[in-house]
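Chemist: Here is my input, please return the structure:
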Amino acid sequence: MPLSELTPADRHRRIAAEFTARVDGVKNWDSPAPVAGWAARDVVGHLVTWLPGLLGSAATIPPGPSTDDDPAAAWHTHVAGVQAILDDPATPQRTLSNPHIGDVPLDRAIDQFYTADVFMHTWDLARATGQDDRLDPEFAALLVGGMEPMEEIMRSSGQYGPRIAVPDDADAQTRLLGFIGRDPFWTP
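Modeler: This is a model prediction of the structure:
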């Protein structure tokens with residue numbers, strides 16, 4: 001079934017499984033990553049640290065080890081906590097209230113902001129560590145198609161770098177990477 005047709009819990013399960021496979025394949029956590037100033041461990045560190053702040057009191061993810069000490073264990077603890085929240089039957093009825101995004105059903109907020117981030121950062125970790133960096137083309141097209149109309153808002157948030165020009169006939173993954181400010185042809 002395409003990623004776009006899954007529930008937030010099942011979409012996270014599949015996308016996180018791809019990221020987890022890359023985490024488990026890392027041989028050097030200090031390898032440079034496509035994000036300026038980041039190493040492979042920083043990709044995991046980013047994902048593990050920002051979501052708890054967004055969730056606030058709406059949900060709690062049990063803390064794990066530091067990504068400085070054990071990035072793989074930190075990820076495994078974190079991803080299990082996120083999946084537990086999404087698998088809870090009460091989660092779709094809970095609301096995340098945030099001054100920047102308003103009131104959003106908790107499962108949809110995690111899906112829209114966090115799971116999509118895991119999807120995109122899968123490329124960063126894979127590319128940094130010499131692993132398979134292919135992303136699901138249908139979901140990449142869906143994401144870039146949904147983000148392009150909001151480009152000005154997204155760029156002004158400071159969360160995305162300047163857009164990188166890509167060929168007009170580029171595939172969805174290349175277009176997505178260029179849109180979020182990654183050089184799709186970057187190598188360590």
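
Chemist: Would you confirm that V48 contacts G64?
Modeler: Yes: using CB atoms under 8 Å, V48 is in contact with G64, at 7.2 Å. C-beta: built from backbone N, CA, C; applies to glycine.

Chemist: Of the two, which one has the most company?
Modeler: When neighbours are counted by other CB atoms under 10 Å, V48 comes out ahead of the other of V48 and G64, with 23 against 18.

Chemist: Could you list the buried residues of the lowest-mean-pLDDT helix or strand in the chain?
Modeler: Taking mean pLDDT, DSSP states H and E as the measure, the chain has helix 151-156 as its least confident helix or strand, at a mean of 76. Neighbour counts over helix 151-156 (16 or more other CB atoms under 10 Å) mark M154 as buried.

Chemist: likewise stretch 67-74?
Modeler: Within stretch 67-74, the residues that qualify as buried are 67, 70-72, 74, counting by 16+ other CB under 10 Å.

Chemist: picking that back up, identify the contacts common to V48 and G64.
Modeler: Counting by CB atoms under 8 Å, 6 or more residues apart in numbering, the contacts common to V48 and G64 are 74-75, 78.

Chemist: Spit out the contact partners of the residue nearest to L106 when sequence neighbours are not counted.
Modeler: Nearest in space to L106, with sequence neighbours left out and distances taken as CB to CB, 6 or more residues apart in numbering, is R94 at 4.2 Å. Residues in contact with R94, defined by CB under 8 Å, 6+ apart, are 58-59, 105-107.

Chemist: do that again at 10 Å, thanks
Modeler: Contacts here follow CB atoms under 10 Å, 6 or more residues apart in numbering; on that basis R94 touches 58-59, 85, 88, 105-107, 109.

Chemist: In helices, which of the residues you listed fall?
Modeler: Residues of the contacts of R94 located in helices (DSSP state H): 85, 106-107, 109.

Chemist: Check those and tell me the two furthest apart.
Modeler: Maximum pairwise distance among these (CB to CB): 10.7 Å, between I85 and A109.

Chemist: Between the buried residues of stretch 67-74, which sits nearest Q159?
Modeler: T67 (19.4 Å).

Chemist: is it fair to say the closest one lies in a helix?
Modeler: No: read with DSSP: H, G, I helix; E, B strand; the rest coil, T67 is coil and lies in no helix.

Chemist: All set, thanks.
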